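Asker: my questions are about this predicted structure, shown below with the sequence.
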Amino acid sequence: MYDYAQVHVKYTIPPAIVLTIVLAPLFTRRDIFKICFLLVVAVAYTIPWDSYLITTGVWTYPSDVIVGPTVFDIPAEELFFFIIQTYITACLQILLSKSVVTATYLHNEADGQDPVGRSLKKRKRVGQVILSLCSILPLFMRGGHATGTYMKLILVWAGPVLFMLWTFAYQLLLTFSWSKTWLPIMLPTLYLWVIDTLALRRGTWCIESGTKLGIQVWPHLDIEEAVFFLMTNTLVVCGSIAYDNAAAVLDAFPSTFAVVPGIPSPALLLKGIFLSTSKYDIARIRGLQNALEVLARKSRSFYLASGVFAGRLRIDLILLYAFCRVADDLIDDAPSAEEADSWVKHFSNFLDTAYSPKYDRARFEQALAPFPAKAQSILVLLPTDKLPPQPLYSLLDGFRMDQRFFRKGPNQDPPIQTFADLERYASCVAATIGELCLSLVYQHDPDHLTDETTKQKCVAAGGEMGRALQYINIVRDVTTDAQSGRCYIPNEWFNKSSASSPVKHNEEVARHRKRILDIAFAIYAENRDAIEELPRYARDGIRVAVESYMEIGRVMRDRMQEGKPLDFTGGGKKGRASVPKWTRIWVGWRTMAGWRGSA
Ligand SMILES: CC(C)=CCC/C(C)=C/CC/C(C)=C/CC/C(C)=C/[C@@H]1[C@@H](COP(=O)(O)OP(=O)(O)O)[C@]1(C)CC/C=C(\C)CC/C=C(\C)CCC=C(C)C
């Protein structure tokens, strides 16, 4: 009795609920729009086809297995199947692609120096030929082949749409890893094959023996059913990736698409998808790839947090991170104080030129010339139109302060003598970052609902939060910094004998580390509520960025309380406290779900 409804209760609704719970905190507006779009298209496209199959007797349902109501002869349970299957597969595709910055997978196929781009063109054609044959050939197989009816109907129905989606999304479909394409297709397909086998065995639905080929994948699973589920899941995943491809083109090229709303209209998405690949800005894609590589290699906390942001804000945060990191590394790793100085000057000159009211191409290229090629590709993409210049100059002041650790001479004391020095340093290198991140948040805000007073309050809190994170960073890196001749613990905190010696006493250092950590947590506690006043679309991402870094502080605080050494590794760089990958993901997820970290 009501067997079909029970299939849903037992097998399709539970995974849909689990996926909703896992994804709910991670859903962006675009994800929700995409799912709704796919649901509407899937239902509208399948109804006529399915209705034809039922009225011509290819599929039948014993009357006692269905509840009763039908639409164009399709039982309500069947309609629900279109919805729930599309939902499950789309959710899985979204979940598995969360970490991907889609724009970095775009290729300009006219670029002679891009071997991947050139090969894509050929592979696109091969795919198009195969899918055209799948769509057209069954139409010519007539007479005496009634047993192939169901298979023909599947191919003629799915083939043309797959051809179109392939044409729209082949770049991503061919360059994404299997875990972003095949996995979201095959997982639900295998699962539905098993459910289908159970339903066919119980007689919940039947395929007329005269319309099928009679080949079984395994007992009770006809080849047509296996192909049907494979095709429908492929349609959903390709549809979802085609949407991502269109959105990626819109997000990646601000010079072609000046304004992209939070949810791009279907007309704008079509413009994105139809932009010729020869118009893709190669320099921008390469620079973005380089910036992402820097972020992935250098900061696991911010890499994880970047996955929570979407669209252009995510791209600009990655570019900002890479700019700061490249600057910090070039100055820090310089073999001499003079070279470090000259890097600071090059960056300062770059900022002067980039922020000059009159754009002078020759001067800009000259300012870029001293930098290595990869750094240049990142520097040119710094979104100067959305970032105030002052915090970037202050960042350079912070790097200058850092260099004073290495200056030798009679009047050269280490730069961090007092707590005020430490505050000044942290303001330069980290409060500025908070300010810059929030500047991007407000510039990209699709709603523009925040008043000026709230903005100023949040920017001030963001600066303070930056300082808190810098203190965590300092407490974590005490040992590695000491090895490179730096000590950010104010010199005046040490007793006389330690203060004048480069080797400090362990207990004293441990005490000061705890003191700085306590200050970091106090600042965090005072300012974290301001995150809830940020524009809705960026709130979760900022919370995750802050919390995943504060988690390093929590790990250190717990170890201090347990009397364990602070310099350990949780899978990170040896000698530095860090949070293991799965703990970070867990912290990120529960932060998105509304959890507030301990202060
Ligand atoms: C999500 C995302 C991609 C964010 C990017 C954030 C960003 C632009 C960071 C810049 C990092 C950087 C290299 C700066 C140079 C100076 C420096 C070294 C600062 C330290 C950062 C640590 O980075 P690192 O690469 O060393 O990371 P690991 O420890 O290796 O993982 C700092 C500790 C500063 C970080 C400061 C911030 C990110 C600002 C935080 C404030 C906000 C996000 C605003 C909060 C808002 C409210 C309202 C409270």
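Answerer: Arrived safely, thanks for sending.
Asker: get me the contact residues on the stretch 151-300 of the chain for the ligand.
Answerer: Residues of the stretch 151-300 of the chain lying near the ligand by Cβ under 6 Å from any ligand atom: 295, 298-299. Quick note: C-beta positions are derived from backbone N, CA and C, even for glycine.
Asker: in helices, which of these fall?
Answerer: Residues from those lying in helices, with DSSP state H as the criterion: 295, 298.
Asker: quick one: buried ones out of the residues of the stretch 151-300 of the chain next to the ligand?
Answerer: Those of these that meet the buried threshold are 295, 298-299, by 16 or more other Cβ atoms under 10 Å.
Asker: in the stretch 1-150 of the chain, what residue comes closest to the ligand?
Answerer: Taking Cβ to the nearest ligand atom, the ligand has its nearest neighbour within the stretch 1-150 of the chain at Val101, 10.5 Å off.
Asker: what sits against that residue?
Answerer: Neighbouring residues of Val101 by Cβ atoms under 8 Å, 6 or more residues apart in numbering: 288, 292, 306, 314-315, 318.
Asker: in the helix or strand where Arg584 lies, which residues are buried?
Answerer: In the assignment (DSSP states H and E), Arg584 maps to helix 581-592. With burial defined by 16+ other Cβ under 10 Å, the residues of helix 581-592 counted as buried are 584, 587-589, 591-592.
Asker: quick check: mean pLDDT of it?
Answerer: In this model, helix 581-592 has a mean pLDDT of 88.
Asker: against which helices or strands is that helix packed?
Answerer: Helices and strands touching helix 581-592, by 3 or more Cβ pairs under 8 Å, 6 or more residues apart in numbering; DSSP states H and E, are helix 300-306, helix 536-561.
Asker: run through who's touching stretch 268-283.
Answerer: Applying Cβ under 8 Å, 6+ apart, the external contacts of stretch 268-283 come out as 106-111, 114, 117, 168, 171, 242-243, 245-250, 252-253, 255-257, 260-261, 264, 377, 380.
Asker: buried members of these into ChimeraX, please.
Answerer: This is the ChimeraX syntax for the buried subset of the contacts of stretch 268-283, where burial follows 16+ other Cβ under 10 Å:
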select :106,107,108,109,111,114,117,168,171,242,243,245,246,247,248,249,250,252,253,257,260,264,377,380
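Asker: so of the contacts of stretch 268-283, which ones are in helices?
Answerer: If you go by DSSP H, those have 117, 168, 171, 242-243, 245-250, 252, 377 in helices.
Asker: what residues does the stretch 1-150 of the chain put near the ligand?
Answerer: Residues of the stretch 1-150 of the chain lying near the ligand (Cβ under 6 Å from any ligand atom): none found.
Asker: strands of the stretch 1-150 of the chain, residue ranges please.
Answerer: For the stretch 1-150 of the chain, the strands defined by DSSP state E, counting those that start in this stretch cover 59-60, 70-71, 74-75.
Asker: before we move on, back to that, by how many degrees do the helix holding Arg584 and helix 536-561 diverge?
Answerer: Per axes from the mean of the first three to the mean of the last three Cα atoms, to 10 degrees, the angle that helix 581-592 makes with helix 536-561 is 130 degrees.
Asker: so which of the strands of the stretch 1-150 of the chain gets nearest Gln443?
Answerer: Set against Gln443 and scored by Cβ to Cβ, these come closest in strand 70-71, at 47.0 Å.
Asker: neighbouring strands - and their directions - for the closest one?
Answerer: If you go by DSSP bridges, strand 70-71 pairs up with strand 74-75 (antiparallel).
Asker: ok, residues contacting the partner strand?
Answerer: If you take Cβ under 8 Å, 6+ apart as the criterion, strand 74-75 is touched by 4, 47, 50-51, 54, 61, 66-69.
Asker: and with 10 Å instead?
Answerer: Under the contact criterion Cβ atoms under 10 Å, 6 or more residues apart in numbering, strand 74-75 has outside partners 4-5, 46-51, 53-55, 59, 61, 63, 65-69, 81-82, 205.
Asker: same question for it, mean pLDDT?
Answerer: What strand 74-75 shows for mean pLDDT is 90.
Asker: from the chain's centre, how far out does that strand sit?
Answerer: 39 Å (Cα atoms, centre = their mean, to the nearest Å).
Asker: the particular helix or strand that has Arg511 in it vs helix 536-561, what angle?
Answerer: Assigned by DSSP H and E, Arg511 belongs to helix 506-527. Interaxial angle of helix 506-527 relative to helix 536-561 (the same axes, to 10 degrees): 150 degrees.
Asker: elements contacting helix 506-527?
Answerer: Where contact means 3 or more Cβ pairs under 10 Å, 6 or more residues apart in numbering; DSSP states H and E, helix 506-527 is packed against helix 419-426, helix 452-476, helix 478-483, helix 496-500, helix 536-561.
Asker: could you dump that helix to CSV, C-alpha only?
Answerer: Output in CSV follows, covering the C-alpha atoms of helix 506-527 (Å, rounded to 0.1, in the frame of the first residue of the first chain):
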residue,chain,number,x,y,z
ASN,A,506,61.5,30.2,29.1
GLU,A,507,59.2,30.8,32.0
GLU,A,508,59.3,34.5,31.5
VAL,A,509,58.5,34.1,27.8
ALA,A,510,55.6,31.8,28.6
ARG,A,511,54.2,34.3,31.1
HIS,A,512,54.4,37.1,28.5
ARG,A,513,52.9,34.9,25.8
LYS,A,514,49.9,34.3,28.0
ARG,A,515,49.6,38.0,28.7
ILE,A,516,49.5,38.8,25.0
LEU,A,517,47.1,36.0,24.4
ASP,A,518,44.8,37.3,27.1
ILE,A,519,44.9,40.8,25.5
ALA,A,520,44.0,39.2,22.2
PHE,A,521,40.9,37.5,23.7
ALA,A,522,39.8,40.6,25.5
ILE,A,523,40.0,42.6,22.2
TYR,A,524,38.1,39.8,20.4
ALA,A,525,35.4,39.7,23.1
GLU,A,526,34.9,43.5,22.9
ASN,A,527,34.6,43.6,19.1
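Asker: buried ones in it?
Answerer: By neighbour count on 16+ other Cβ under 10 Å, the buried set for helix 506-527 is 508-509, 512-517, 519-521, 523-524, 527.
Asker: quick one, phi/psi of Ala334?
Answerer: Main-chain torsions, Ala334, degrees, to the nearest 10: phi -60, psi 140.
Asker: and it, what pLDDT?
Answerer: Model confidence at Ala334 (pLDDT) stands at 92.
Asker: how many other residues sit next to it?
Answerer: Residues lying near Ala334 (other Cβ atoms under 10 Å) number 17.
Asker: Arg596 - that's part of a helix, no?
Answerer: No: counting by DSSP: H, G, I helix; E, B strand; the rest coil, Arg596 is located in no helix; its state is coil.
Asker: excluding covalently adjacent residues, which one is nearest to it?
Answerer: Closest residue to Arg596 apart from its sequence neighbours, by Cβ to Cβ, 6 or more residues apart in numbering: Arg528 at 7.6 Å.
Asker: can you pull the pLDDT of the closest residue to Ile84 other than its chain neighbours?
Answerer: Distances taken as Cβ to Cβ, 6+ apart put Thr12 closest to Ile84, at 4.6 Å, once the chain neighbours are dropped. Note on Thr12: pLDDT of 95.
Asker: likewise Gln483?
Answerer: 89.
Asker: so the residue nearest to Ile84 is in contact with Val194, correct?
Answerer: No: using Cβ atoms under 10 Å, Thr12 makes no contact with Val194, being 11.9 Å away.
Asker: which of the two has more residues huddled nearby?
Answerer: Thr12 (22 against 12).
Asker: do you know how far Glu551 is from the ligand?
Answerer: Taking Cβ to the nearest ligand atom, to the nearest Å as the criterion, Glu551 is separated from the ligand by 11 Å.
Asker: my guess is that residue contacts Ile585, does it?
Answerer: No: using Cβ under 10 Å, Glu551 is not in contact with Ile585, being 11.1 Å away.
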